[in-house]
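Undergrad: Using only what follows, build the 3D model:
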Amino acid sequence: MTPATTHPEALDYDADVCTIGRAMAVLGERWTVVVLREVFVGNRRFDDMRTRTGIPRQVLANRLAALVADGLLRREPYREPGARVRHEYRLTDKGLDLYPVLIAVREWGDRYLAEPEGPPLVMEHRGCGAPLHGELHCAEGHRVDRYRDIVPRPGPGARRR
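TA: Numbering: from 1, shown residues only. Take a look at the predicted model:
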């Protein structure tokens, strides 16, 4: 809020075009992020996902279909000897671009929700083996460590109410 206003500036703008809301329409259902986690860790086959996660069969089928329809996953056929053709699920570029989001969610979970022994999953840089973590940088390259230093402003796609 600025001293001259009595309400947050965001109230002057329509939220219908909000890309955060649109992203959550794709990602916001609990099992969707679990399915993405499985594909990110290399678990790409339906039965393997069901075994590891306990997701009900129909829920998993629906989540996978939605992620394919939204362009985050693609289906790749495979056949075990003597069996029918099945599909495994691979990340598209659009899906792979969610890696920083999942890393941020994992870091938050590690900080606030991990068991006393520590987190159940660590991510390392393939090149050197160092642990991975997310960072925020502005377009000028400055690292943003204090989240209160972030100022939301209307973007070019904002629409006044």
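
Undergrad: From now on I want contacts and neighbour counts done on CA atoms only, so please keep to that.
TA: Noted.

Undergrad: What strand or helix carries residue 94?
TA: Assigned by DSSP states H and E, residue 94 falls within helix 93-96.

Undergrad: Check which residues of stretch 77-91 are buried.
TA: Of the residues in stretch 77-91, 88, 89, 90, 91 count as buried by neighbour count, 16 or more other CA atoms under 10 Å.

Undergrad: hang on, the earlier thing: averaged pLDDT, the helix holding residue 94. What do you get?
TA: On average, the pLDDT along helix 93-96 is 97.

Undergrad: swap in stretch 127-142?
TA: Mean predicted confidence for stretch 127-142 is 94.

Undergrad: distance between the ends of that stretch?
TA: With CA to CA, to the nearest Å as the measure, the ends of stretch 127-142 fall 25 Å from one another.

Undergrad: hmm, who's touching it?
TA: With contact meaning CA atoms under 8 Å, 6 or more residues apart in numbering, stretch 127-142 is reached by 100, 103, 104, 107, 122, 123, 124, 125, 143, 144, 145.

Undergrad: okay if I get those as CSV plus secondary structure, neighbour count and distance to residue 22?
TA: Below are those laid out as CSV (DSSP: H, G, I helix; E, B strand; the rest coil; neighbours: other CA atoms under 10 Å; distance: CA to CA, whole Å):
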residue, secondary structure, neighbour count, distance to residue 22
100, helix, 13, 18
103, helix, 17, 20
104, helix, 15, 19
107, helix, 18, 23
122, coil, 13, 29
123, coil, 13, 28
124, strand, 11, 30
125, coil, 10, 31
143, strand, 11, 27
144, strand, 13, 25
145, coil, 11, 27
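
Undergrad: returning to what we had before: using CSV, write out the CA atom coordinates for the helix holding residue 94.
TA: In CSV, the C-alpha atoms belonging to helix 93-96 read as follows (Å, rounded to 0.1, in the frame of the first residue of the first chain):
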residue,chain,number,x,y,z
ASP,A,93,10.0,-29.4,-21.8
LYS,A,94,7.0,-27.8,-20.3
GLY,A,95,7.0,-30.4,-17.5
LEU,A,96,10.7,-30.2,-17.0
